[in-house]
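K.L.:
dropping the sequence and predicted coords here.
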Amino acid sequence: MEKPLKMKQLFMPNPNLDNTYTDYQKKLQPKMDFKPATLEQLYTKHKDNLIETTIKECIQYLDDEAWLEEDTFPRVQELTGEWYLASVYMRETDGNIRLSLYLHFLGYYPKGCAREEIDDYLGMQAWFDYDPAQDAFMFDCFDTDSI
């Protein structure tokens, strides 16, 4: 098996005017959720580093021999390597800032399946905490799911 998986970011073309959940078929830009709204500036300032860190952590997570086995999820062999940012969630509570980036990874589906041959396969939600002393976001953990 070829490893590590080569990642390629897709940028969805359709504006998400209603700021709703998106999927590969809708091709909507990410859902953005900032409370308070002023946090969007902080996200924009750190966006490139957040995406870079998230992908690095995703690659590290997926680069495990266990994901090559037949009865596991996710199976790396079923991933295309393409992904897109589905949502950004950022909250300030009691002076602490918590951020999540939810990425959708595409996978291959067999012909005759109810899904398209290439469609959403794996969701990975990366969680970060903001450290104001360092003006940096620190990676905390992942949540994963099938989509």
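P.N.:
Done, it's in.

K.L.:
now do the strands in this protein.
P.N.:
8-9, 31-35, 79-93, 96-108, 118-131, 136-146 (DSSP state E).

K.L.:
so which of those is nearest Cys58?
P.N.:
Evaluated over these, closeness to Cys58 peaks at strand 118-131, with 5.6 Å, by C-beta to C-beta. The C-beta positions use only the backbone N, C-alpha and C, and glycine is treated the same way.

K.L.:
partner strands of the closest one and their direction?
P.N.:
Partners of strand 118-131 in the sheet, by DSSP bridges, are strand 96-108 (antiparallel), strand 136-146 (antiparallel).

K.L.:
tell me which residues of that strand are tucked away?
P.N.:
Asp119, Asp120, Tyr121, Leu122, Gly123, Met124, Gln125, Ala126, Trp127, Phe128, Tyr130 (16 or more other C-beta atoms under 10 Å).

K.L.:
my read: the fourth one touches Gly107, true?
P.N.:
Yes: A contact is recorded between Leu122 and Gly107 when judged using C-beta atoms under 8 Å, the distance being 6.6 Å.

K.L.:
what do those two both touch?
P.N.:
Pro74, Leu79 (C-beta atoms under 8 Å, 6 or more residues apart in numbering).

K.L.:
quick check: which ranges of the chain have low pLDDT?
P.N.:
For the chain, applying pLDDT under 70 flags the ranges 1-4.

K.L.:
quick one on the thing from earlier: deepest of the strands paired with strand 118-131, which one?
P.N.:
Highest mean neighbour count of the strands paired with strand 118-131: strand 96-108, a mean of 20 (counted as mean count of other C-beta atoms under 10 Å).

K.L.:
pull the CA atoms of that one into PDB?
P.N.:
Presented in PDB, the C-alpha positions along strand 96-108 are these (Å, rounded to 0.1, in the frame of the first residue of the first chain):
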ATOM      1  CA  ASN A  96     -11.500  30.900  27.000                       C
ATOM      2  CA  ILE A  97     -11.600  30.500  23.200                       C
ATOM      3  CA  ARG A  98     -12.300  27.100  21.600                       C
ATOM      4  CA  LEU A  99     -12.300  26.500  17.900                       C
ATOM      5  CA  SER A 100     -13.100  23.500  15.700                       C
ATOM      6  CA  LEU A 101     -12.500  22.900  12.000                       C
ATOM      7  CA  TYR A 102     -14.700  20.200  10.500                       C
ATOM      8  CA  LEU A 103     -13.200  18.600   7.400                       C
ATOM      9  CA  HIS A 104     -14.900  16.300   5.000                       C
ATOM     10  CA  PHE A 105     -12.700  13.700   3.300                       C
ATOM     11  CA  LEU A 106     -13.900  12.100   0.000                       C
ATOM     12  CA  GLY A 107     -13.900   8.400  -0.600                       C
ATOM     13  CA  TYR A 108     -14.500   5.900  -3.400                       C
END
